[in-house]
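Novice: Output the structure for:
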Amino acid sequence: MDEMMSVLKASLGVLITLLLLGGLIYWYVQDITQKKHAILRNYPIVGHLRYFFEQLGENFRQYFFLGDREEMPFNRATRGWIYRLAKDEGGVIGFGSTYDMHQAGALIFVNAPFPVLEDERLATPPLAIGEGFCEQPFVARSIINISGMSYGAISKPAVQSLSRGAALAGCWMDTGEGGLSPYHLEGGCDIMMQIGTAKYGVRDAAGKMSEPRLRELAAIEQVRAFEIKLSQGAKPGKGGVLPGAKVTAEIAGIRGIPVGHDSISPNRHLDIANVDQLLDKIVFVRDLTGKPVGVKTAIGGWQFMNELCEAVLRRGVASAPDFLAIDGGEGGSGAAPQALADHVSLSIDEALPRVVDALLEAGLKQRVRVIAAGKLVTSARAAWALSAGADFVNSARGFMFALGCVQALRCHLNTCPAGVTTHDPRLQRGLVVEEKSQRVANYCLNMNREIDMIAHSCGLHHAREFRRDHVRIVQPNGQSQALNMLYPYPQPG
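Specialist: Sure thing, here's the model as predicted:
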């Protein structure tokens, strides 16, 4: 019996060896005969190590080689800051900051010699959007809010967590251009309904804007405002892209598109070709819904804002958008062509002050609320935006980090390891809604608290008192300059 077992083991070993050898021979022949990869053709079998290590390189750089302030799009120090806020662990560090205060672009807030005492501090007041110009204005409570991320681009548990967390924190949640899903409403938070170029969620069978659907959405109490999306910072001039692998039957039903097909929006609204048509659409949707209507756009120059303000002054302030959501070119929670993501549209650092200046010159700043977005994921960057003239700050990737995102850069591949941007049930399992919704709320609440903390350090009673002279920007020569000197306040008219 023992002899038989020994023979069987030896035979099995020979068989396995032959199979491995046969596999290597097949692999070798395949490599030297293929014509696509020069490395594999010249170095069969061994050449695969090059591609294997290339794939591993990204992870090794992230965790072992890059310094805390080196990685892009967000470095480890920034991600760690967000994680601590989301876990309610506080933003306290020891032995000094690793932030380079001498690097061009560094932010330095002007601390007051006699900061505001604890008992003199005031709660940052809410701010109304559309008051006096629509039947149901929206009183927004939080400075920090959740930027547009479509159900489909992000997963069901991600949307559920964001909705519940937003309700706990008192901030709004933008639907993104993918339409309103039941999961957006699940938590009971305030909703900003985005109308993208494909009209997902508000379209009829022909793909045009549906009046009955707009009325239906407006009847939902949680839907507080509508946002007409012209463009986003990640890909201005190109519509949203949702790969067919992510277009499930449920998502197809919400969007009104075929199952399993790539969901590609037009690069602009087919019925909006100029500023007057844009204002016509704003007035139409506002009159139909009775709720505030604004515009989301990236900024490439000054012509758009000049034309918009001139048209509003010509037609009357009632025709103005109730808000402008300005997205910087550094935005980018969704899939985008690299050529557009890298090189098209202005950074929020330049776009925001210019937009605010145009509104000030036209005397429209009190009429039109300004929402800023574009890597404004820390309290310091958000406080800078308020100083530049923003009324609110939107963040997508900040809240993605709060959900557990590890910056794997796989958002468009349906393989997100944190379950945030995938529809794979196995990967979604890691995102526990009850846990992550609390982290979403913590991040939002702690961001608001830290913004107020910076304001108090500057001698302000609350964050809405920020002005440009409260922040300085380090210049290439290493010296700082006040923001109000870089962007002086214009005179109305």
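Novice: where along the stretch 351-493 of the chain do the helices fall?
Specialist: 379-388, 397-402, 425-428, 433-457, 483-486 (DSSP state H, counting those that start in this stretch).
Novice: low-scoring stretches of the stretch 251-400 of the chain, by residue?
Specialist: Along the stretch 251-400 of the chain, the parts satisfying pLDDT under 70 run over 331-336, 341.
Novice: before we move on, back to that, need the helices of the stretch 351-493 of the chain in a markdown table (columns: mean neighbour count).
Specialist: For glycine as for every other residue, the C-beta is placed from the backbone atoms N, C-alpha and C. Shown next, in a markdown table, are the helices of the stretch 351-493 of the chain (neighbours: other CB atoms under 10 Å):
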| stretch | mean neighbour count |
| --- | --- |
| helix 379-388 | 25 |
| helix 397-402 | 29 |
| helix 425-428 | 14 |
| helix 433-457 | 22 |
| helix 483-486 | 16 |
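Novice: Where do the domain boundaries of the chain fall?
Specialist: Residue ranges for the domains of the chain, per automatic domain parsing: 2-65, 119-486.
Novice: how many other residues sit next to the residue lying closest to Gly256 once chain neighbours are set aside?
Specialist: Distances taken as CB to CB, 6 or more residues apart in numbering put Arg203 closest to Gly256, at 5.3 Å, once the chain neighbours are dropped. By other CB atoms under 10 Å, the residues close to Arg203 number 19.
Novice: and Arg203, bridged to which residues?
Specialist: Met209 (DSSP bridges).
Novice: That one against Ser265, yeah?
Specialist: No: using CB atoms under 8 Å, Arg203 makes no contact with Ser265, being 11.0 Å away.
Novice: returning to what we had before: looking at the domains of the chain, spot the one closest to Gly80.
Specialist: Closest approach to Gly80 among these (CB to CB): domain 119-486, 9.7 Å.
Novice: The closest one: how far from the chain's middle?
Specialist: Counting by CA atoms, centre = their mean, to the nearest Å, domain 119-486 is centred 7 Å from the centre of its parent chain.
Novice: okay, how far is it across it, tip to tip?
Specialist: Domain 119-486 has an end-to-end distance of 34 Å (criterion: CA to CA, to the nearest Å).
Novice: and what of stretch 121-129?
Specialist: Calculated as CA to CA, the first-to-last residue distance of stretch 121-129 is 25 Å.
Novice: please renumber so the chain begins at 36
Specialist: Sure, I'll start numbering at 36, so the last one becomes stretch 156-164.
Novice: before we move on, back to that, just list the residues touching the residue nearest to Gly291, thanks.
Specialist: Counting by CB atoms under 8 Å, 6 or more residues apart in numbering, Arg238 makes contact with Met244, Ser245, Arg248, Gly291.
Novice: Tell me, how many residues neighbour the first one?
Specialist: It stands for Met244. Other residues within reach of Met244, judged by other CB under 10 Å, total 17.
Novice: So it sits against Tyr235, correct?
Specialist: No: using CB under 8 Å, Met244 is not in contact with Tyr235; the gap is 11.0 Å.
Novice: which residues are in contact with both of these two?
Specialist: Residues touching both Met244 and Tyr235 by CB under 8 Å, 6+ apart: none at all.
Novice: okay, and for the stretch 86-235 of the chain, where does confidence drop off?
Specialist: Using pLDDT under 70, the flagged stretches of the stretch 86-235 of the chain are 86, 88-107.
Novice: Which positions in the helix or strand that Ile51 is a member of come out as buried?
Specialist: For Ile51, the enclosing helix or strand under DSSP states H and E is helix 37-68. Neighbour-count burial for helix 37-68 flags Asp66 (criterion: 16 or more other CB atoms under 10 Å).
Novice: Following the chain onward from it, which element is next?
Specialist: In N-to-C order, the element after helix 37-68 by DSSP H and E is helix 73-77.
Novice: Mind listing what's buried along that next one?
Specialist: Here helix 73-77 shows Leu75 as buried, counting by 16+ other CB under 10 Å.
Novice: Am I right that Asp426 is in contact with Ile406?
Specialist: Yes: in this structure Asp426 lies within contact range of Ile406 using CB under 8 Å: 6.8 Å.
Novice: Now for the two: what residues contact both?
Specialist: Common neighbours of Asp426 and Ile406 (CB under 8 Å, 6+ apart) are Phe358.
Novice: Neighbour count for those two, which is higher?
Specialist: A count of neighbours by other CB under 10 Å puts Ile406 above the other of Asp426 and Ile406, at 26 against 20.
Novice: what's the burial count for the nearest residue to the more buried one once chain neighbours are set aside?
Specialist: Among residues not flanking Ile406 along the chain, Ala360 sits closest, at 4.1 Å (CB to CB, 6+ apart). Number of residues near Ala360 (other CB under 10 Å) recorded here: 28.
Novice: Ala360 reaches Glu262, doesn't it?
Specialist: Yes: between Ala360 and Glu262 there is a contact under CB under 8 Å: 6.3 Å.
Novice: And the domains of the chain: which comes nearest Lys122?
Specialist: domain 154-521 (6.5 Å).
Novice: circling back to that earlier point, the helices of the stretch 386-528 of the chain into a markdown table, with extra columns for distance to Gln69?
Specialist: Shown next, in a markdown table, are these (distance: least, CB to CB, whole Å):
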| stretch | distance to Gln69 |
| --- | --- |
| helix 414-423 | 48 |
| helix 432-437 | 39 |
| helix 460-463 | 32 |
| helix 468-492 | 44 |
| helix 518-521 | 56 |
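Novice: Pick out the shakiest of those helices, pLDDT-wise.
Specialist: In terms of mean pLDDT, the lowest-scoring of the helices of the stretch 386-528 of the chain is helix 460-463 (a mean of 88).
Novice: now the spatially most central residue of the chain: how far from Pro247?
Specialist: Residue closest to the mean C-alpha point of the chain, counted by CA atoms, centre = their mean, is Ala431 at 2.7 Å. Ala431 is 30 Å from Pro247, where distance means CB to CB, to the nearest Å.
Novice: Check His296 too.
Specialist: Going from His296 to Pro247 by CB to CB gives 25 Å.
Novice: neighbour-wise, which of the two wins?
Specialist: Each of His296 and Pro247 has its neighbours counted (other CB under 10 Å); His296 has more, 12 against 9.
Novice: close enough to count as contact, that one and Thr283?
Specialist: No: with contact defined as CB under 8 Å, His296 and Thr283 do not form a contacting pair (11.5 Å).
Novice: residues making contact with stretch 338-356?
Specialist: Outside stretch 338-356, the residues touching it (CB under 8 Å, 6+ apart) are 168, 310-311, 313-314, 317-318, 328-330, 332, 334, 389-390, 393-394, 396-397, 399, 402-403.
Novice: list the contacts for Pro293?
Specialist: Counting by CB under 8 Å, 6+ apart, Pro293 has contacts Val282, Ala287.
Novice: okay, now the residue nearest to Gln138 when sequence neighbours are not counted: neighbour count?
Specialist: Counting by CB to CB, 6+ apart, Gln138 lies nearest to Val509, which is 6.4 Å off, once chain neighbours are set aside. For Val509, the tally of surrounding residues (other CB under 10 Å) stands at 18.
Novice: The one 5 residues further on now?
Specialist: Gln514 is surrounded by 9 other residues when neighbours are defined as other CB under 10 Å.
Novice: Pull out the C-alpha coordinates of stretch 323-331 and format them as PDB.
Specialist: The C-alpha trace of stretch 323-331 is given here as PDB (Å, rounded to 0.1, in the frame of the first residue of the first chain):
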ATOM      1  CA  LEU A 323     -42.500  75.800 -12.700                       C
ATOM      2  CA  THR A 324     -41.000  74.400  -9.400                       C
ATOM      3  CA  GLY A 325     -41.200  77.500  -7.100                       C
ATOM      4  CA  LYS A 326     -37.700  76.700  -5.900                       C
ATOM      5  CA  PRO A 327     -34.300  78.200  -6.300                       C
ATOM      6  CA  VAL A 328     -32.400  77.500  -9.500                       C
ATOM      7  CA  GLY A 329     -28.700  78.000 -10.100                       C
ATOM      8  CA  VAL A 330     -25.900  77.100 -12.400                       C
ATOM      9  CA  LYS A 331     -22.900  74.900 -12.000                       C
END
